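Enquirer: Have a look at this fold, sequence not included:
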């Protein structure tokens, strides 16, 4: 089966791009007052890479018979939507929240820092 140029980009660019994103992603969430532009940028690019990987998975199982292939084709859409919503939106929100909190009073910054440090 001959692959289109976009399919090749998805098959190789999505995973390689997501690996690169993981390598440059900060090890911890941003703190109040930290420069957050790069952190937000990574989480804005992330949905594109997730979409490419979802399309790549769809391409890999396209035309394959069997239950596993059908499940993969069905599950790839909710995966892409849920993962994008969870990680990308939360990452952008945390970055913007931490960056904007830098202009608040010291007492307000302490409250924001407490909110950012909670895991629930």
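Expert: Structure's in. What do you need? Only a predicted model underlies this, so the values are computations on that prediction, with no experimental measurement involved.
Enquirer: rest of the way, CA atoms for contacts and neighbours
Expert: Will do.
Enquirer: Buried residues, the helix or strand where residue 72 lies. List them.
Expert: Per DSSP states H and E: residue 72 is located in helix 67-83. Going by neighbour count (16 or more other CA atoms under 10 Å), the buried part of helix 67-83 is 69, 72, 73, 76, 80.
Enquirer: So for the longest helix seen in the chain, mean pLDDT?
Expert: Using DSSP state H to define each element, the chain has its longest helix at helix 37-61. Mean pLDDT, helix 37-61: 90.
Enquirer: Same question for stretch 5-21.
Expert: Here the average pLDDT along stretch 5-21 is 89.
Enquirer: Next, the angle helix 37-61 makes with whatever helix or strand residue 20 lives in.
Expert: Using DSSP H and E, residue 20 falls within helix 14-24. Helix 14-24 runs at 150 degrees relative to helix 37-61, counting by axes from the mean of the first three to the mean of the last three CA atoms, to 10 degrees.
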